[in-house]
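Asks: structure for this input, please:
(3 chains)
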Amino acid sequence: MPGTTPPPQPPRPPAEGRGADPAAPATFEDLLSDCVHCGFCLPTCPTYVLWGEEMDSPRGRIHLMGQSRQDGVLTGTAVRHFDNCLGCLACVSACPSGVRYDALIETARADVEREHERPLGERLLRAAVFALFPYRGRLRLLRGPLRGYQASGLSRLLRRSGLLDRLPPSLAAMERLAPPLRPAPRLPERVRARGRRRATVGMLTGCVQGAFFPQVNTATARVLASDGCEVVIPRRQGCCGALSAHAGRAEEAARFARSTVAAFERAGVDVVVVNSAGCGSTMKHYADVLANAAGGDGWARRAERLGAKVRDVTEFLADLGPAAERHPLPIRAAYHDACHLSHGQGVREQPRDLLRAVPELELVDVANPDICCGSAGIYNLLRPEPAAELGRRKSADVRATGAPLLVAGNPGCALQIAAAMGADGEAPAVAHTVQVLDASIRGLPPAHLLGGRRGG
Amino acid sequence: MGETTRAQGAVPPRGGAAEAAGRALAGAAPDGGAAVRPGTPADAVGGVRPAYVAAPADPAAAAAVLAVAAEHALTVVPRGNGTKIDWGGPPRDCDLVLETTSLTGIEHAVGDLVVRAGAGVPVADLQAALGSAGQRLAVDTVVPGSTVGGMVATGLSGPRRILHGPVRDLVIGMTVLRADGVAARSGGAVVKNVAGYDLGKLHTGAYGTLGVIVSVTFRLHPVPPALRLLRAAAPGPEALREWAAAVLHSPTAPSAVELDWPPEGDPELAVLLEGAAAGLDARGAAVAAVLPEPPHHADALPPGWGELPGAPGDTLLRVVAPPPEAVRAAAVLRDAGRARGILAAVRGSLGTGVLHAAVPADAPPEAVAAVVAAARAALAGAPGGAVTVPHAAPPVRAAGLDLWGEVPGAALMRAIKDRFDPGHRLSPGRLMEGI
Amino acid sequence: MPVPVGPEALVPRLRAICGDAGVLTDPAQRRTYESDGLTYHAELPGVVVLPTSTAQVAAVVRLCAEEGVPFVPRGAGTGLSAGALPRSDGVLVVTSRMRRILEVDVEARCAVVQPGVANLDVTRAAAPHGYYYAPDPSSQQVCSVGGNIAENSGGAHCLKYGFTVNHVLGLEIVTPAGDVVRLGGKVAEAPGYDLIGAFIGSEGTLGIATEITVRLLRAPERVRTLLAAFPTMDAGGRAVSAVIAAGVLPAAIEMMDALAIEAAEAAVACHYPKGAGAVLIVELDGPAADVDAQFAAVTALCREAGATELRTATDAAERARIWKGRKSAFAAVGRISPSYIVQDGVVPRTALPEVLRRIADLSAESGIRVANVFHAGDGNLHPLVLFDDAEPGAAERAAEVSGAILDLCVEHGGSITGEHGVGVDKACHMPDMFSPADLATMDLFRRAIDPAGIANPEKLLPTPRLCGEPPGVRTDVHPLVASGEAELF
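Replies: Coordinates of the predicted model:
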């Protein structure tokens, strides 16, 4: 290196004022060059925490993306390291340069899906995951004592893929956590506001949430109604497309996004309330999901309009302010930041504020809040070992709080952590933030949330 | 460590060669820039009488003298005011004592809190000059009369090191004459500086074995507006250890937490607080709160504060211990002495675990050796613990006491010595075996 | 001296030492290690190893020594002087898997850590006991303690508390020969030469620290953080001088100019006062009464110097917000400029106003914007030289301005680096600050520890290959040079 002149650093187009036309969308290369290689993302990256190697850090993955673009070759090595990413977006929060790693990894994954031929086993597993998860009806078949029997009715693909072999630990956890399988009261299309109507909101019921945690949806509707919202729950909504988008299945994601956009447009609401962090995070960026997809730019505008209406339920409730009285709930509760809520949507304080407003509830933080629990959508199915290791770490941090109740804003996190804690001791009760609010508003005793556990 | 270039035992000048060397030294610096005279018994270094004593008037003359010394393979021992000239091991040989007392000059950059001082400047003069500007070099007078060069070369730090660090932490730049007389500078005139190796660290405490310190640049601190010294006698070492730990764990930010244990009697804890006068009562009360009885307090330092224990000429032991182990090591040392009829005085910093013990100069060498051995054994399991003998009374020295013990990294130190002073002509043997 | 072999020839033996997962040979993987935080310098490492223990590091280095293969140590790769620039003919030894905090010894007020532990994690481990680790480089949440050792890292609070070198009690190092040597321990001053002091800041050229005992400080009774806005940099500079002249030694005095404020605002929404020409962050800590007295004095002095707004952090969250703007400033500048050079130079504090004016002149003359973020208390400048590399000639002009700023530092009796280190990046600037004899003497030290020259070669000191032959003829030939034992530059 003939280091005679000091270093012009590699180009770094600013996030604002990029190129001649500030309004022009940033190209992938622009986004790549935003990274100044400072490394601030490293300690927040779960895989770097696990393995301590550059290629499995956001900075390293961005470097691999740059290599691929530069060389015009997508190596199997790069794919492996992209696959290792949980997509937790902790790096986005940590980045002082404003690098949009979320956009980068989704594009990189779409490249992988388009250009990279995976081994047969991997292909089958992924196909099976995406044949199952986005569909509430199919997920329901996996539940309950009749699982084995019912599952036999699932497609041949699912059985060949080996997915079912990976599911049992998670399923067992779901079974332990989810209430006994009985037909959850189906939510009506419209729930009236209690008292004076303060807002009319749409509500996403989600796929996993709907299948495994219908009670969270019920609680969401009840809390919204209690605080004066008329809740519109479009019947014809399905999966929001988040799982597909995170996995680089761009066309599939776009398909789900379009139908979700259409469903809520028809509902004619000002706000779309979402109680699942991963869904909300993607829906807020629907414009990105549909930007490069087929279907004309009419969709892009519609997506952007809908995306702007999306609020996490805690974000919305905190803005709205309470109407219904909160009754005392003497519980020590640990709050877990779901990645797609804290990093994906920047929603950290609102759920905490809502919980602190519950009389006699003692809220404690979990150490290392920025580190993902390993659930990460379908990551724990595709990469079970690192997912389990991250679950163990999170489990230790949660256990250290001594709280008998773990509150989270995402169904996957709660499952993952409780399963890990159950594996090496007693698992705490888990609840969604809105379930705690629901219990408080309804004046239910702590036992309602805790089962047989003591209030701490 | 790869190839070594030990050129031990450079042939010393004798007879005609010695005269030639003397003439060359006298002519080393033009215009009488370096007064050269024959050595006298009073010039002896650790019992070794030098052939010559040269007193260069400035750094250039000193460099010229060293160049001549190199040419004639003379062994050289630098000397300031000579307050610690009999410290360390006796030099294996000493042809020339190089006196640094004329290397004076103080450049005080007041607004930058930095001073550059010649090696020959008495520390007391330096402090007086700095004090007039409301600043100080945050070291205590450990040995009165020391020059800047002597203080740095022996690396002696006093009680206040727990807040501002030992001497080496205050040195930000240094100019040193190498064995061949070439001047080499490291560090700089600004506090924050990481350009190049910080060779000043190596020379601090090196006893002049790697070069001759010509001038030193220090970082300074403002003189605090007020001070309070709290003293309390402890019923025994264990109580004192607990008190010290409690004071150190308190947020009172003491400038010194000292042990003073006279040859006979109870150990005493001294806590120095410095800062805003308005805060001293509250801080003093916080210190008193960890003591069973109210301590004595004073608003000025007593005479002799920070000085070494014992009397001049005593054999001096230096105990370096993890702070929690320091008092225990001192107790072991004293008990071992008492069992052999030796009463040792101990003083030093409990905050850093660096203590000095004085053993009377007339103590029997075997007994001193036993005391040292006992103290070393007491610290055997303590990470980094060490007992050295900075000064050995002549009989102890003559008896061949191992002054340094096992020094970790000794092989690296020898390798450095071999590179800096391949002829082993600078203060040979004063620091450690082979150095 | 063995005939050097290529690093690839070492792979089977490296695998035997570090295991398959501890040796990276895949080119795509190795490429992610091609640079540290200074990406201008990049080179594909021959092999990358990720040891997990001292024994592995020692075995790797011993193998390198036996085969004459150079090695380069690397921590978290956040350095800004290309000190961890790999070599294609060498082994990159990465300590990122050695990240256990081995012990927090409250009674001895120290912690024992592995080199890959992040700086901030030491404080996190000590905090429950009421202690902290003082050195706090801006990258403290990610930079490793081992890297801090190599660079003698400072940080905002080194004005009062000093640098890494002032806070290390013990080191276990692997020498360039592959020997494991323990220096110091839980003690303040070990006998003999201060090898710890000389090792710290040696930029990986003397070996690899594999275990570090750091001093912990008691958390201060009170901390007060003040944010003061000034209309101009001059006014801010006057306030700094006045504070120091008043005999106050704050824990930190940091200054940012308007451009830097703009960048920080864009990055982390730190809400510094709008329209300020400069902001000063002054942090005081210590016993409550002292802090309160000093705080009153500092506030008054800032007002006298023309402060337009003064804000005081009243809790930890506000304090963190004030600091967030400052600590993210480097990377944040990416938001206001396509490209930039981070410079690191030091001037005597009293020369600050003059040097800042000269920097402004340089900027005006060249048309190159310069954002200033710096540790005002100790005169450590971090000018950020902004340019758009799409504009022809801009990079060259920026490089000239950046170089001229370093010249200004040296001219005013300062230093070419206050904390980023020399590395490859500034090796050729060393002769600006040191004479050939100074440099030759430093090389004596290096060769004493690394006679074979395999530890991070061509870093820290200039070499003809890097910098060309220096002009002029030397008169001071050291005996070692005369005998061919050592070389001059």
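
Asks: mind listing what A:T401 touches?
Replies: Going by C-beta atoms under 8 Å, 6 or more residues apart in numbering or on different chains, A:T401 touches A:332, A:334, A:364-366. For the C-beta atoms, the positions are set from N, CA and C on the backbone; glycine is no exception.

Asks: show the buried residues in those.
Replies: With neighbours counted by 16 or more other C-beta atoms under 10 Å in any protein chain shown, the contacts of A:T401 contain buried members at A:332, A:334, A:366.

Asks: list the contacts of C:E400.
Replies: C:S366.

Asks: and what of B:P224?
Replies: B:P224 is in contact with B:255, B:274-276, counting by C-beta under 8 Å, 6+ apart.

Asks: please redo it, this time with the cut-off set to 6 Å
Replies: Residues near B:P224 by C-beta atoms under 6 Å, 6 or more residues apart in numbering or on different chains: B:274-275.

Asks: again with the one 10 residues further on
Replies: By C-beta under 6 Å, 6+ apart, the contact list for B:A234 reads B:240, B:266-267.

Asks: recalculate using a threshold of 10 Å.
Replies: B:A234 makes contact with B:240-244, B:259, B:261, B:266-269, B:291-292, B:327, according to C-beta atoms under 10 Å, 6 or more residues apart in numbering or on different chains.

Asks: can you flag which of these belong to helices?
Replies: Counting by DSSP state H, the contacts of B:A234 place B:240-244, B:327 in helices.

Asks: among those residues, which one has the most neighbours?
Replies: Neighbour counts for the ones in helices among the contacts of B:A234 (other C-beta atoms under 10 Å in any protein chain shown) peak at B:V327, which has 29 neighbours.

Asks: what about the helices in the stretch 151-300 of chain A?
Replies: Listed in chain order, the helices of the stretch 151-300 of chain A (DSSP state H, counting those that start in this stretch) span A:156-161, A:163-177, A:208-212, A:214-226, A:242-246, A:250-267, A:277-284, A:286-291, A:297-309.

Asks: other SSEs contacting the last one?
Replies: Contact partners of helix A:297-309 among helices and strands, from 3 or more C-beta pairs under 10 Å, 6 or more residues apart in numbering or on different chains; DSSP states H and E: strand A:199-203, helix A:250-267, strand A:271-274, helix A:277-284, helix A:286-291.

Asks: burial of the nearest residue in space to A:A250 that is not next to it in sequence, as a residue count?
Replies: In space, and not counting its chain neighbours, A:A250 is closest to A:A110: 4.5 Å by C-beta to C-beta, 6 or more residues apart in numbering or on different chains. If you count neighbours by other C-beta under 10 Å, A:A110 ends up with 18.

Asks: if I look at A:A110, how far off is chain C?
Replies: 19 Å (C-beta to the nearest C-beta, to the nearest Å).

Asks: and the gap between that residue and chain B?
Replies: A:A110 is 45 Å from chain B, where distance means C-beta to the nearest C-beta.

Asks: surely that residue is in a helix?
Replies: Yes - under DSSP: H, G, I helix; E, B strand; the rest coil, A:A110 sits within a helix.

Asks: which residues touch it?
Replies: Per C-beta under 10 Å, 6+ apart, neighbours of A:A110: A:245, A:247-251, A:253, A:292.

Asks: from those residues, which single one is nearest chain B?
Replies: Closest approach between the contacts of A:A110 and chain B, by C-beta to the nearest C-beta: A:G248, at 44.8 Å.

Asks: leaving out sequence neighbours, find the closest residue to the closest one.
Replies: Closest residue to A:G248 apart from its sequence neighbours, by C-beta to C-beta, 6+ apart: A:R109 at 2.6 Å.

Asks: the one you found and A:A245 touch, don't they?
Replies: Yes - using C-beta atoms under 10 Å, A:R109 makes contact with A:A245 at a distance of 8.9 Å.

Asks: thinking again about what came up before, Throw the contacts of B:A234 into CSV and include distance to chain C and pLDDT, thanks.
Replies: Shown next, in CSV, are these (distance: C-beta to the nearest C-beta, whole Å; pLDDT from 0 to 100):
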residue, distance to chain C, pLDDT
B:L240, 15, 96
B:R241, 10, 96
B:E242, 11, 96
B:W243, 14, 97
B:A244, 11, 97
B:L259, 14, 97
B:W261, 19, 97
B:D266, 23, 94
B:P267, 19, 97
B:E268, 21, 97
B:L269, 17, 97
B:L291, 18, 93
B:P292, 20, 92
B:V327, 12, 96
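
Asks: so which of those is the closest to chain A?
Replies: B:E242 (30.8 Å).

Asks: wait, the closest one sits on B:R328?
Replies: No - the criterion here is C-beta under 10 Å, and B:E242 misses it with B:R328 at 11.8 Å.
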